[in-house]
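K.L.:
what follows is a predicted structure for the sequence shown.
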Amino acid sequence: MRSDLAVLHLVVVACLATSALAQEGRPWPPRKGEPFPALELTDLQGRRFQLSTLRGKVLLIEPVLLGDPVSQAYAGGNLRGGFGGVAPAPDQLSLDELLGACGVSSAHPDLLRVQLLVRGSSGERPPTLDEARAWAAHFRLDARPNTHVLVAAGAPGARLAAGLWLVGRDLRVIADGTGPAPPDDVNWTLMPQVAELLAGERPPPARPTRPPAPVDAGAPEPPAAPAAPRAAPVTRQGGLFVPPADPTAFPELAERVHVGACLEGLDAGRFGDVDATLARVRAAGRRAGDHAPALDRLVAVVAAEPAARVQAPLSAWVKQQPRSPLAHLLWGEFNMKWAWEARGSGYADTVTAEGWRLFKERLEVARAALERAAELDRRLARAPAILIKVAMGLRLGAEEEQRHLDEALRRDPRHVLAHELRLQALMPKWSGNDPRVMFDFVQASARRRPDEPALAGLVLDVHWELSRLAADREGYLRDPRVRESVEAAHAAVFAAYPRSADACWMRMCVTEVVRDEAAFQECLRHCADAGLPTAQDRLARALRDGRSGQAQDLAAAAEWAWRAAMQDHPGGMTTFGALLVAGRGVRPDPQAGFRWVERAALRGHLPAALELGTLYERGAGGVAPDRQKAREWYTRAAASTHAPLARAAQAGLERLRDR
């Protein structure tokens, strides 16, 4: 929602545009179904530009006032900072974020973004070319091949109202999202039509311009219409993968912009900026094609950052802004994950006394923070959902776990994570329950919310857990009734949420155990396309080695490893770093490759420790041979419970002893 000041500004601009242009007799404003009016435009090189040259593409035309907070926010000001000292409208998403919420990449080859710069920073005249170039450079628009930044000099360009027009391939206006009360709501009407146009579908003749009114103030936002994922084009030069200048061409990396903004804000102590980023993501609701709220995805990633980086700033944020529910949510979820890190994932008899002490201490901190978050914001469903996991760790009992589940579902009846965590607590290894209790829970949840297919998909988790308890795991998963149940659950979830990798990942695990190679490869590709970094790294290694049914393709391996690494996945960092050092599938850059591997190793990734030991032993990656450092990293890797990795590290230690 735009601020009152921004809305007032738009009202004034819209009135000026309507009256002045009506007097001039020009065909203005643009009317739906009619060609977009010709304007006098100049590009950043000072050349005249005609919109007619863009015929054949889908256009998002955006009138821009350089000093307007809403225009700044559309351009990405809340992520990159305001231009010319202007504070962007805090609640307005950028155009990239709006597109991403509908499953559309801003780098789609058939989509062009056209910015019409109609007022300079003074607000009294069109911008100069120098101003326009500075604007484009600030928001990094000048490096995007599918973005045109144009100066609209003179009438009618100087009197446009801020907003967006959607213009079809024939240059006719399809939707009008300009002005303070646009005919077509940008979020609910215009953006879904962009997705439909790019998918080759005809937009429907009529759509509601506002979302249906919620039943109560605590009701969740309705989900965006699903849109199938479309992979962004890959840049290749000379048969090698070249990382694109704009990583947000890939949908999962566009989402990482928010992660980066949160981490930068935490590093710098700008906690208000972090709160604002989380609030904007929350306002976007659920992304198209995925069941999880966008806020849940973002919080999970930031809270999983290493304690050395986020523990101190998160603690400081809660102290400085004690009434921020999102600060308490992040602090609580971080401590919950930090607690389980101290305990480990093994059975109780494998946990040390110190591990138990830290586990309980950190869970108590998490409990207090999450309860405070839930108290401060009565619509925040994730806080009571995570409290289920906390109650499970503190052994507070089934009644307490159920109480948190009921509260989470009161706030968001479709909250899948709350169901997942309650199901986890019901598993025999935690509760000692009869396995049939898990089936009863999943079936009851699906019956209660038949409009949420992801709940039926929880049966995949049940089958996977039961296969672990079975004497013959493969035999259990090969049972025709089990396979039929697995396939039906996966199909239901995938049909509703093509961008969600959750159900597909579980099906992939099943098909790998039963050695159904075709289904396994299908799931692996889908999970990688959906942005799951674990799948991307796994696919990268298969393409690198030419195994698991994949023909060797080093350039493709480098691409997938890079996409995983850009999401801070330690495996992806290791794989991509090693490819950079060796110059396989990508231009060699030993120093950059070494840094990627080192980052992963410092996060405790033991395969990276082995690779780093090898680099120090050989003197590769732009570093001199260092037997002492090689020995240190080999020693860390030798502690792995994965036998092949431990043997390779031990072999490295023996080579060093023999020299």
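P.N.:
Here it is on my side, so go on.

K.L.:
average pLDDT for the lengthiest helix in the chain, rounded please.
P.N.:
As assigned by DSSP state H, the longest helix anywhere in the chain is helix 353-376. Helix 353-376 comes out with an average pLDDT of 95.

K.L.:
next, the buried residues of that helix.
P.N.:
The neighbour-count check on helix 353-376 (16 or more other C-beta atoms under 10 Å) flags 355, 358-359, 362-363, 365-367, 369-374, 376 as buried. Every residue, glycine included, has its C-beta placed from N, CA and C.

K.L.:
which elements pack onto the helix or strand just after that helix?
P.N.:
Toward the C-terminus, helix 353-376 is succeeded by helix 382-394 as the next helix or strand (DSSP states H and E). Packing contacts for helix 382-394, counted by 3 or more C-beta pairs under 8 Å, 6 or more residues apart in numbering; DSSP states H and E, involve helix 294-303, helix 325-343, helix 353-376, helix 398-411, helix 416-426.

K.L.:
just how off-centre is helix 382-394 within its chain?
P.N.:
Distance of helix 382-394 from its chain centroid, counting by C-alpha atoms, centre = their mean, to the nearest Å, is 23 Å.

K.L.:
okay, the angle between that helix and helix 294-303?
P.N.:
50 degrees (axes from the mean of the first three to the mean of the last three C-alpha atoms, to 10 degrees).

K.L.:
alpha carbons of helix 382-394, as CSV, please.
P.N.:
Listed next in CSV are the C-alpha coordinates belonging to helix 382-394 (Å, rounded to 0.1, in the frame of the first residue of the first chain):
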residue,chain,number,x,y,z
ARG,A,382,4.9,-18.9,11.4
ALA,A,383,5.6,-18.0,15.0
PRO,A,384,3.2,-20.6,16.6
ALA,A,385,4.2,-23.1,13.8
ILE,A,386,7.9,-23.0,14.8
LEU,A,387,6.8,-23.3,18.5
ILE,A,388,5.7,-26.8,17.6
LYS,A,389,9.3,-27.7,16.9
VAL,A,390,10.4,-25.9,20.1
ALA,A,391,7.9,-27.8,22.2
MET,A,392,9.0,-31.1,20.7
GLY,A,393,12.6,-30.4,21.7
LEU,A,394,11.7,-29.3,25.2
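
K.L.:
picking up where we left off before, would you format the helices and strands packed on helix 382-394 as CSV with distance to Q193 included?
P.N.:
What follows is the helices and strands packed on helix 382-394, written out as CSV (distance: least, C-beta to C-beta, whole Å):
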stretch, distance to Q193
helix 294-303, 21
helix 325-343, 32
helix 353-376, 36
helix 398-411, 31
helix 416-426, 28
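
K.L.:
nearest to S71, out of these?
P.N.:
Closest of the helices and strands packed on helix 382-394 to S71 is helix 294-303, at 23.5 Å (criterion: C-beta to C-beta).

K.L.:
which residues of this protein fall in strands?
P.N.:
All strands of the chain, identified by DSSP state E, fall at 41-42, 48-49, 58-65, 111-119, 147-152, 165-167, 173-176, 236-237, 240-241.

K.L.:
worst mean pLDDT among those strands?
P.N.:
Looking over the strands of the chain, mean pLDDT reaches its minimum on strand 236-237, with a mean of 80.

K.L.:
okay, now the sheet partners of that one, with direction.
P.N.:
Strand 236-237 sits in its sheet next to strand 240-241 (antiparallel), going by DSSP bridges.

K.L.:
how far does the partner strand sit from the chain's center?
P.N.:
The gap between where strand 240-241 is centred and where its chain is centred comes out at 25 Å by C-alpha atoms, centre = their mean.

K.L.:
quick revisit: quick one: the strands of the chain as JSON lines, columns for mean neighbour count too.
P.N.:
Compiled in JSON lines, the strands of the chain are given as follows (neighbours: other C-beta atoms under 10 Å):
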{"stretch": "strand 41-42", "mean neighbour count": "18"}
{"stretch": "strand 48-49", "mean neighbour count": "14"}
{"stretch": "strand 58-65", "mean neighbour count": "23"}
{"stretch": "strand 111-119", "mean neighbour count": "23"}
{"stretch": "strand 147-152", "mean neighbour count": "23"}
{"stretch": "strand 165-167", "mean neighbour count": "24"}
{"stretch": "strand 173-176", "mean neighbour count": "22"}
{"stretch": "strand 236-237", "mean neighbour count": "10"}
{"stretch": "strand 240-241", "mean neighbour count": "20"}
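
K.L.:
Serialize those to CSV and add fields for distance to R286.
P.N.:
Formatted as CSV, the strands of the chain follow (distance: least, C-beta to C-beta, whole Å):
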stretch, distance to R286
strand 41-42, 38
strand 48-49, 38
strand 58-65, 22
strand 111-119, 22
strand 147-152, 27
strand 165-167, 22
strand 173-176, 22
strand 236-237, 34
strand 240-241, 32
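
K.L.:
G272: which of those is closest?
P.N.:
Each of the strands of the chain has some distance to G272 by C-beta to C-beta; the shortest is strand 58-65, at 25.0 Å.

K.L.:
angle of that closest one against strand 111-119?
P.N.:
For strand 58-65 against strand 111-119, the angle by the same axes, to 10 degrees is 20 degrees.

K.L.:
tell me which strands strand 58-65 pairs with, and in which orientation.
P.N.:
For strand 58-65, using DSSP bridges, the partner strands are strand 111-119 (parallel), strand 165-167 (antiparallel).

K.L.:
tabulate the ones you listed (TSV), appending distance to A261.
P.N.:
TSV is the format used below for those (distance: least, C-beta to C-beta, whole Å):
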stretch	distance to A261
strand 111-119	21
strand 165-167	27
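
K.L.:
do you know which of the ones you listed lies nearest E62?
P.N.:
strand 111-119 (5.1 Å).

K.L.:
with just CA atoms, put the closest one into CSV.
P.N.:
The C-alpha trace of strand 111-119 is given here as CSV (Å, rounded to 0.1, in the frame of the first residue of the first chain):
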residue,chain,number,x,y,z
LEU,A,111,9.2,-9.0,-22.1
LEU,A,112,10.5,-5.4,-22.4
ARG,A,113,10.5,-2.9,-19.6
VAL,A,114,10.2,0.7,-20.8
GLN,A,115,10.8,3.6,-18.4
LEU,A,116,9.5,7.0,-19.5
LEU,A,117,11.4,9.6,-17.5
VAL,A,118,8.9,12.5,-17.5
ARG,A,119,10.1,14.6,-14.6
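
K.L.:
tell me the contacts of T277?
P.N.:
Each residue near T277 by C-beta atoms under 8 Å, 6 or more residues apart in numbering is listed here: N78, L79, H258, A261, C262, G265.

K.L.:
distance check, it against L253.
P.N.:
16 Å (C-beta to C-beta, to the nearest Å).

K.L.:
also R422?
P.N.:
Taking C-beta to C-beta, one finds R422 at 32 Å from L253.

K.L.:
cool, and E632?
P.N.:
E632 is 33 Å from L253, by C-beta to C-beta.

K.L.:
between the two, who's got more neighbours?
P.N.:
Taking neighbours as other C-beta atoms under 10 Å, E632 and L253 compare with L253 leading, 21 against 14.

K.L.:
right, and the more buried one touches M566 too?
P.N.:
Yes - the pair L253 / M566 is scored as a contact, 5.4 Å apart, by C-beta atoms under 8 Å.

K.L.:
quickly list what's touching both of those two.
P.N.:
With contacts defined as C-beta under 8 Å, 6+ apart, the residues shared by L253 and M566 are P247.

K.L.:
worst-scoring helix or strand of this structure, pLDDT-wise?
P.N.:
helix 4-24 (a mean of 39; mean pLDDT, DSSP states H and E).

K.L.:
tell me which other helices or strands the longest helix of the chain touches.
P.N.:
On a contact count with 3+ C-beta pairs under 8 Å, 6+ apart, helix 353-376 meets helix 325-343, helix 382-394.

K.L.:
could you check the angle the shortest one makes with helix 398-411?
P.N.:
Relative orientation of helix 382-394 versus helix 398-411 (the same axes, to 10 degrees): 170 degrees.

K.L.:
number the chain from 49, please
P.N.:
Okay, residue one is now 49; in that scheme the one you just asked about reads as helix 430-442.

K.L.:
who's in contact with helix 430-442?
P.N.:
341, 343-344, 347, 373, 376-377, 380-381, 384, 387-388, 391, 407-408, 411-412, 414-415, 418-419, 421-422, 425, 445, 448-449, 452-453, 455-456, 459, 463, 465-466, 469-470, 472-473, 478.

K.L.:
thanks again, I'm all set now.
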